[in-house]
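[1] Fold the stuff below for me.
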Amino acid sequence: MEITLNHTIVPSYSNVESARFYERIFGFEFLKEWGHFAVVKVNQTLTLDFINSDNFSSLHYAFKVSEQQFDEILERIKAESVVYGSGPDSVSDGEINNRFGGRGVYFKDPNGHILEIITTDYVLD
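    Purely as a prediction, here's the structure:
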């Protein structure tokens, strides 16, 4: 059996607000509040479980998407006036990158986590 990531806990200032942001931007399915988690289904095997916290470090989450999904997500980012950029240190330059023959963009969620969408895997030499 292939090992897959089943879920990860994402610290947030407001778990439901955060889950709804990911639902709107990525098109993920908000499943429900479950105990102290707000659960979002990313795909058949992975959920993001948002938990309220007052103190946490900014994290980085990267999602590989198709070309069509990239266009759709970028349009939703723009529609919500979310600042975006071409790199993790340039999340506000309003540009996308073309690394490794694909496209990528970075932006922050309401908690300050840096999100990335890419259309091509990074080439690790």
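[2] Helices of this structure, start to end?
    15-26, 67-79 (DSSP state H).
[3] Skipping adjacent residues, who's closest to residue 102 in space?
    Ranked by C-beta to C-beta, 6 or more residues apart in numbering and with sequence neighbours excluded, the top spatial neighbour of residue 102 is residue 120, at 2.8 Å. For glycine as for every other residue, the C-beta is placed from the backbone atoms N, C-alpha and C.
[4] For the helices of the chain, give me TSV that also has mean neighbour count, mean pLDDT and distance to residue 87.
    Converted to TSV, the helices of the chain look like this (neighbours: other C-beta atoms under 10 Å; pLDDT from 0 to 100; distance: least, C-beta to C-beta, whole Å):
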stretch	mean neighbour count	mean pLDDT	distance to residue 87
helix 15-26	19	98	19
helix 67-79	14	98	15
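[5] In TSV: those helices, plus distance to residue 44.
    Converted to TSV, these look like this (distance: least, C-beta to C-beta, whole Å):
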stretch	distance to residue 44
helix 15-26	15
helix 67-79	16
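[6] Next up, the contacts around the residue nearest to residue 102.
    By C-beta atoms under 8 Å, 6 or more residues apart in numbering, the contact set of residue 120 is 64, 99, 100, 101, 102, 103.
[7] same thing with residue 111?
    Applying C-beta under 8 Å, 6+ apart, the residues near residue 111 are 10, 11, 12, 13, 18, 56, 58.
[8] try 7 Å
    12, 13, 18 (C-beta atoms under 7 Å, 6 or more residues apart in numbering).
[9] next one: residue 93
    Neighbours of residue 93 in contact, by C-beta under 7 Å, 6+ apart: 85, 86.
[10] How much space separates it from residue 26?
    Separation of residue 93 from residue 26 (C-beta to C-beta, to the nearest Å): 22 Å.
[11] In terms of residue numbering, what are the domains of the protein?
    For the chain, automatic domain parsing gives the domain ranges 1-54, 57-125.
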